[in-house]
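1. coordinates only, sequence not included:
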């Protein structure tokens with residue numbers, strides 16, 4: 001089921017989706033793929049005031065504190081050094097240009113000796129000092145390193161996006177939420193599906209069934225498609241690397 005809050009943001013003509021799972025590469029995905037125009041409507045003000053207002057009306061756990069957590073100094077100071085250590089230990093050269101895809105304000109760009117740092121970001125947030133905004137990879141000379149963290153789960157054509165990155169850069173860092181939804185018998189239940197459908201009538205009815213983790217945490221509810229439309233495991237990227 002396509003989540004009512006995501007429909008309210010701009011996908012209001014499509015209510016249902018199918019979920020598919022490939023056991024060969026451990027990838028799961030929803031069949032309904034957002035169009036370019038729908039992606040613009042969903043992400044142009046991603047995590048902005050109107051986004052949070054719409055979402056919290058349907059999912060009260062997603063309040064301003066939850067939304068703003070990714071921008072807290074605590075998380076930045078814990079995440080960035082971990083990323084720097086990983087990149088330093090796995091790559092043998094110092095990049096001159098780093099591009100962060102969907103990098104918000106650039107607060108998570110690691111300092112690994114680069115001369116320039118760029119973000120490609122759909123929102124219009126104020127950037128961190130020293131970070132520049134570009135609109136596509138053609139706006140910068142060949143980057144030494146592209147960082148793509150928590151983006152592939154959102155996009156309709158992840159393989160094409162990876163191919164584009166690899167045509168532009170020497171090294172690519174990918175990061176996604178871990179693991180895929182499990183389809184239990186209860187999740188396949190038509191009764192539960194129609195009961196869930198009735199709850200989309202009003203936020204008051206929908207709120208009780210919402211929780212974080214995009215459907216991966218619990219096996220006791222009908223899957224709902226929101227901004228995450230793809231789900232990955234380690235095996236997925238082994239298969240992608242072969243391609």
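-> Looks like it arrived, so ask away. What you are looking at is a predicted structure, and each value in this text was computed from that prediction instead of being measured.
2. what's the spacing between the top helix by length along the chain and its chain's center?
-> Looking across the chain with DSSP state H, the single longest helix is helix 73-90. Centre-to-centre, helix 73-90 and its host chain are 19 Å apart (C-alpha atoms, centre = their mean, to the nearest Å).
3. Now the element after it, going C-ward?
-> Sequence-wise, the next helix or strand downstream of helix 73-90 (DSSP states H and E) is strand 97-101.
4. List the neighbouring strands of that next one plus their orientation.
-> strand 116-120 (parallel), strand 145-149 (parallel) (DSSP bridges).
5. would you list the ones you listed in CSV and tack on mean pLDDT, mean neighbour count and distance to residue 211?
-> The way it works is simple: take the backbone N, C-alpha and C, and place the C-beta from them, glycine included. Output for the strands paired with strand 97-101, formatted as CSV (pLDDT from 0 to 100; neighbours: other C-beta atoms under 10 Å; distance: least, C-beta to C-beta, whole Å):
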stretch, mean pLDDT, mean neighbour count, distance to residue 211
strand 116-120, 94, 21, 30
strand 145-149, 94, 23, 23
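6. Those into a markdown table, with extra columns for distance to residue 227?
-> Formatted as a markdown table, these follow (distance: least, C-beta to C-beta, whole Å):
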| stretch | distance to residue 227 |
| --- | --- |
| strand 116-120 | 17 |
| strand 145-149 | 15 |
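7. To residue 70, which of those lies closest?
-> Residue 70 lies closest to strand 145-149 among the strands paired with strand 97-101, at 10.7 Å (C-beta to C-beta).
8. roughly how far is that closest one from the heart of the chain?
-> On the basis of C-alpha atoms, centre = their mean, strand 145-149 sits 13 Å off its chain's mean C-alpha point.
9. what angle separates that strand from helix 73-90?
-> Here strand 145-149 points in a direction 130 degrees away from that of helix 73-90 (axes from the mean of the first three to the mean of the last three C-alpha atoms, to 10 degrees).
10. any idea which helix or strand comes after strand 145-149?
-> Next element after strand 145-149 (DSSP H and E): helix 158-166.
11. For that next one, enumerate the helices and strands it packs against.
-> strand 145-149, strand 171-175 (3 or more C-beta pairs under 8 Å, 6 or more residues apart in numbering; DSSP states H and E).
12. looking at this, residue 112 is in a strand?
-> No - using DSSP: H, G, I helix; E, B strand; the rest coil, the assignment for residue 112 is coil, not a strand.
13. check contacts around the nearest residue to residue 44 once chain neighbours are set aside.
-> Nearest non-adjacent residue to residue 44, counting by C-beta to C-beta, 6 or more residues apart in numbering: residue 122, 5.8 Å away. For residue 122, the contact set (C-beta atoms under 8 Å, 6 or more residues apart in numbering) comprises 40, 43, 44, 46, 102.
14. export the helices and strands packed on helix 158-166 to JSON lines and tack on distance to residue 228?
-> Putting these into JSON lines (distance: least, C-beta to C-beta, whole Å) gives the following:
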{"stretch": "strand 145-149", "distance to residue 228": "14"}
{"stretch": "strand 171-175", "distance to residue 228": "14"}
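15. among the ones you listed, which is nearest residue 186?
-> Nearest to residue 186 among the helices and strands packed on helix 158-166 is strand 171-175 (30.9 Å), distances taken as C-beta to C-beta.
16. Just the buried residues of the helix or strand just after that closest one, please?
-> Counting by DSSP H and E, the next helix or strand C-terminal to strand 171-175 is helix 190-199. Going by neighbour count (16 or more other C-beta atoms under 10 Å), the buried part of helix 190-199 is 192, 196, 199.
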